[in-house]
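Visitor: whatever this is, show me its structure:
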Amino acid sequence: MAPTDASAPSAIRIWLLAARLRTLPVGLAPVLVGTALAGAQGTFHPLRFVAALLGALFIQVGANLSNDYSDARRGADTEDRLGPVRVTAGGLVPPRQVLIATYVTFGLAVACGAYLIAVAGWELLLVGAASIVAGVLYTGGPRPYGYEGLGELFVFLFFGIVAVVGSYFVQLERLDWEAFALAVPVGLLAAAVLVVNNYRDIDTDRRAGKRTLAVRMGRARTRGFYAALVYGAFLLTPVTWLLGDRSAWVLLPLLAVPLAAPLVRTVRNRTDGPSLNEALARTGMLELIFCVLLSAGVLLG
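Guide: Numbers count the residues shown, from 1 in each chain. You can find the predicted model right below:
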């Protein structure tokens, strides 16, 4: 139901709600890690970093807007969902405006990508195109993969592997196994953000026929999966120290373990919307803190 005029939020607040600011660390964090590794190897191009960062954020926001539009059309965002109101389904913004905003946001991402292609190589055209297509087809198209339980896999790939390795490639125009190794824990935490979202929405998604991984696995196994993703990221942190040239500074992210444990407990013990909404936001911040510490450790060692 649309809000009354007296209670209607401002236009800026509505569009910030549509952008889903709490999820933006998922786009920001991997760029920091890939760029830090390049910097540790002696190369840093500031303009390429800014373009990669903005491009990642625009892709994230564009995917969120596309998801908002597509879920509303499919009837997945109902009034009884536990998460924040969606602007299309909630009647806050006409569907056509959300669709136009999606095109504009992805267009800005394309502009950032065009610059990176010009300065770093045509290979980034494939990366950018695949990222945008993945963002649209998450809930759009004839067979949205988010409705088939593949959302976490694609988030791991595109907001972990592709984002970290791509950000590294933007700087040095080559690949390195350490970039892939550092990308894995980043991708695990990015996937954990989506797991919380789908765990929260498990009942409404089931009724809407949205067969997310949480719907397929059930509550108990989804809670275990979330814990495995979060703690798995920390367990894999030492790989480049043990097998590569990184020093013990790369273990700095382990300082964030005390932030992770309460999140795992919240997801294990709570099912109410406010608690899980907070857990989602804090999981995104955990990923950002983890990646800031990881980036600092890479640069120091």
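Visitor: which residues does Thr105 contact?
Guide: Residues in contact with Thr105, defined by Cβ atoms under 8 Å, 6 or more residues apart in numbering, are 58, 61-62, 65. For glycine as for every other residue, the C-beta is placed from the backbone atoms N, C-alpha and C.
Visitor: and Phe225, how far is that from Pro144?
Guide: 21 Å (Cβ to Cβ, to the nearest Å).
Visitor: just Leu255 next, same as before
Guide: Counting by Cβ to Cβ, the gap from Leu255 to Pro144 is 38 Å.
Visitor: quick one: which of those two has more around it?
Guide: Set Leu255 next to Pro144 and count neighbours by other Cβ atoms under 10 Å: Pro144 wins out with 20 against 12.
Visitor: what are the phi and psi values at that one?
Guide: The phi/psi pair for Pro144 (degrees, to the nearest 10) reads phi -60, psi 130.
Visitor: ok, it touching Ser70?
Guide: Yes - Pro144 is in contact with Ser70 according to Cβ atoms under 8 Å; the separation is 6.8 Å.
Visitor: give me the common contacts of the two.
Guide: Going by Cβ under 8 Å, 6+ apart, residues that sit against Pro144 and also against Ser70 are Tyr138.
Visitor: show me what contacts the closest residue to Pro25 other than its chain neighbours?
Guide: Computed as Cβ to Cβ, 6 or more residues apart in numbering, the closest residue to Pro25 that is not its neighbour in sequence is Leu288, at 3.8 Å. Each residue near Leu288 by Cβ under 8 Å, 6+ apart is listed here: 25, 28-29.
Visitor: what residues sit buried inside the one helix or strand Leu288 maps to?
Guide: Leu288 belongs to helix 273-300 when assigned by DSSP states H and E. Under the neighbour-count criterion of 16 or more other Cβ atoms under 10 Å, helix 273-300 has 276-277, 279-298 buried.
Visitor: just the element for the closest residue to Ala192 other than its chain neighbours, please.
Guide: Of all residues not flanking Ala192 in the chain, Leu229 sits nearest, at 4.1 Å (Cβ to Cβ, 6+ apart). Using DSSP H and E, Leu229 sits within helix 219-235.
Visitor: quick one: average pLDDT of that helix?
Guide: Over the span of helix 219-235, the pLDDT mean works out to 97.
Visitor: quick check, distance from the helix or strand following it to the centre of its chain.
Guide: As assigned by DSSP H and E, the chain's next helix or strand after helix 219-235 is helix 239-243. Taking the mean of its C-alpha atoms, helix 239-243 sits 25 Å from the chain's own mean (Cα atoms, centre = their mean, to the nearest Å).
Visitor: Leu242 - how many residues pack around it?
Guide: Neighbours around Leu242, by other Cβ under 10 Å: 8.
Visitor: give me the low-pLDDT residue ranges for the stretch 51-200 of the chain?
Guide: Low-confidence segments of the stretch 51-200 of the chain (pLDDT under 70): 74-85.
Visitor: which residue ranges of it form helices?
Guide: Taking DSSP state H, counting those that start in this stretch as the test, the helices found in the stretch 51-200 of the chain are 95-120, 123-137, 151-156, 162-172, 177-200.
Visitor: export these as TSV, with columns for distance to Phe49.
Guide: Shown next, in TSV, are the helices of the stretch 51-200 of the chain (distance: least, Cβ to Cβ, whole Å):
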stretch	distance to Phe49
helix 95-120	10
helix 123-137	14
helix 151-156	23
helix 162-172	7
helix 177-200	15
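Visitor: can you tell which of the ones you listed is closest to His45?
Guide: Proximity to His45 (Cβ to Cβ) singles out helix 162-172 among the helices of the stretch 51-200 of the chain, at 5.8 Å.
Visitor: helices or strands up against that closest one?
Guide: Contacts defined by 3 or more Cβ pairs under 8 Å, 6 or more residues apart in numbering; DSSP states H and E place helix 162-172 against helix 25-40, helix 46-74, helix 95-120, helix 123-137, helix 177-200.
Visitor: can you list the buried residues in the shortest one?
Guide: Within helix 123-137, the residues that count as buried by 16+ other Cβ under 10 Å are 124, 127-128, 131-132, 134-137.
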